[in-house]
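Novice: whatever this is, show me its structure:
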Amino acid sequence: MTATTSPTLLEATRQLQQLRSGFEQLAQAQISAATLSQQARTATALLQTLPPRYSEVLFNLLDRLESSALFTEESCSFSQKGLLDNLQMWSDKAQGQLNA
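Specialist: Below is the predicted model:
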């Protein structure tokens, strides 16, 4: 990052890194889907920096992820691995937006 990077962008980038860490922690069963969801919903600098569509997609994925936690086995409509893959794709695209 350059010296001209705004504090909001720095905070948004930090929050995105925290979310990525949370995705990994959830995949390793170190945190719950609810904990990750709460972390994501409080990442206000990130959500305000990204276009509104990003929040909508993120919240949709998080809602499905929390619902998947209600199932003891993978179900075709609530695959936690598939949702984590989609969250990783979301974070890659969000990183691209922040770098633009």
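Novice: can you pull the contacts of residue 87?
Specialist: 23, 58, 61, 65 (C-beta atoms under 8 Å, 6 or more residues apart in numbering). No exception for glycine: its C-beta is placed from N, CA and C like everyone else's.
Novice: got the confidence number for the second one?
Specialist: Read it as residue 58. Per-residue pLDDT puts residue 58 at 96.
Novice: how many neighbours does it have?
Specialist: The tally of other residues near residue 58 (other C-beta atoms under 10 Å) stands at 23.
Novice: state the helix or strand in which it lies.
Specialist: Taking DSSP states H and E as the definition, residue 58 sits inside helix 52-68.
Novice: look up how far residue 27 lies from residue 62.
Specialist: From residue 62 across to residue 27, the span is 15 Å (C-beta to C-beta, to the nearest Å).
Novice: between those two, which is the more surrounded one?
Specialist: residue 62 (20 against 15).
Novice: in terms of pLDDT, where does residue 79 sit?
Specialist: pLDDT, residue 79: 76.
Novice: what about it, distance to residue 61?
Specialist: For residue 79 relative to residue 61 (C-beta to C-beta), the value is 12 Å.
Novice: ok, the two, which is more surrounded?
Specialist: residue 61 (18 against 15).
Novice: helix or strand for the spatially most central residue of the chain, which one?
Specialist: Nearest residue to the geometric centre of the chain (C-alpha atoms, centre = their mean): residue 19, 5.0 Å. Under the criterion of DSSP H and E, residue 19 resides in helix 7-27.
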